[in-house]
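1. Mind folding the following:
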Amino acid sequence: MVGRLYGKMKKLNTLCATLSGAILMFVTLSIFVDVILRYFFNKPSIWVTEVSTYLFLYIIFFASAYTLQQGMHIKVTFIFDLFGPKTRRALDLITSILATLFSLALLWQTSNMTWSAFQESWTSPTMLSAPYAYIYVAMVMGSLLLSVTFILNTIVQFKSGNYSTQKKITDEVNE
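-> Residues are numbered from 1 along each chain as shown. Got it, this is the predicted structure:
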């Protein structure tokens, strides 16, 4: 059951990562057009810088669970490689639990902040006056995806016996 749920989560994470890539393309194109407008026509847009900044939250948070699932999060392994398989297994378990706790704390805090922004109608102090609740919701969604992926990843990782290679876990779930 966990394997099937993890497979569905993988599809959702892939969809979010694809959406993240599309947003990145939009941001890149918008900045390019803004540079052309600014330097060749002396008519910069008023929205590109601010909207691009907000969309970077969507890019980062929508892709974070996918990168975890693919084993692409940054790891410092120079000390880890000094230990044997049993110690690595214990370290992997401890790291997975701590990372899950961190992502759950991130989900809790971003949810509180987003709810406050929604209740109190927070807006950006710029000409756009963008509502922060719609900007912050990306952090809540991304944190939720990351938390669920960490939990499923930890369960699958320690049930399957592959303790240190995330890519092997992903490959096993795909089979």
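2. CA only for contacts and neighbour counts going forward, please
-> Noted.
3. Just list the residues touching the most centrally placed residue in the chain, thanks.
-> In the chain, the centroid-proximal residue (Cα atoms, centre = their mean) is Ser64; its distance is 2.3 Å. Ser64 makes contact with Gly142, Leu146, according to Cα atoms under 8 Å, 6 or more residues apart in numbering.
4. I'd assumed it was in a strand, is it?
-> No: counting by DSSP: H, G, I helix; E, B strand; the rest coil, Ser64 falls outside a strand, being helix.
5. nearest spatial neighbour of Asn13, skipping sequence neighbours?
-> In this structure, Asn13 finds its nearest non-sequential neighbour in Tyr66, 5.0 Å apart by Cα to Cα, 6 or more residues apart in numbering.
6. What is the distance between the biggest helix by length in the chain and the centre of its chain?
-> Ranked by residue count, the top helix of the chain under DSSP state H comes out as helix 2-41. Here helix 2-41 is found 12 Å from its chain centre; the criterion is Cα atoms, centre = their mean, to the nearest Å.
7. now stretch 120-129
-> Worked out by Cα atoms, centre = their mean, stretch 120-129 lies 25 Å from the chain centre.
8. So which bits of it are buried?
-> Within stretch 120-129, the residues scored as buried using 16 or more other Cα atoms under 10 Å are Thr123.
9. From here on, call the first residue 743.
-> Fine by me, first position is 743 from now on; the one you just mentioned is stretch 862-871.
10. For that stretch, what does the pLDDT average out to?
-> For stretch 862-871, mean pLDDT rounds to 92.
11. Figure out the length between the terminal residues of that stretch.
-> 14 Å (Cα to Cα, to the nearest Å).
12. ok, and what's touching that stretch?
-> Stretch 862-871 is touched from outside by Ile788, Trp789, Ser858, Ala872, Pro873, Tyr874, Ala875, with contacts defined as Cα under 8 Å, 6+ apart.
13. Let me see the contact set for Leu824.
-> Contacts of Leu824 (Cα under 8 Å, 6+ apart): none.
14. switch to 10 Å and redo it
-> Arg830 (Cα atoms under 10 Å, 6 or more residues apart in numbering).
15. Brilliant, that's me finished.
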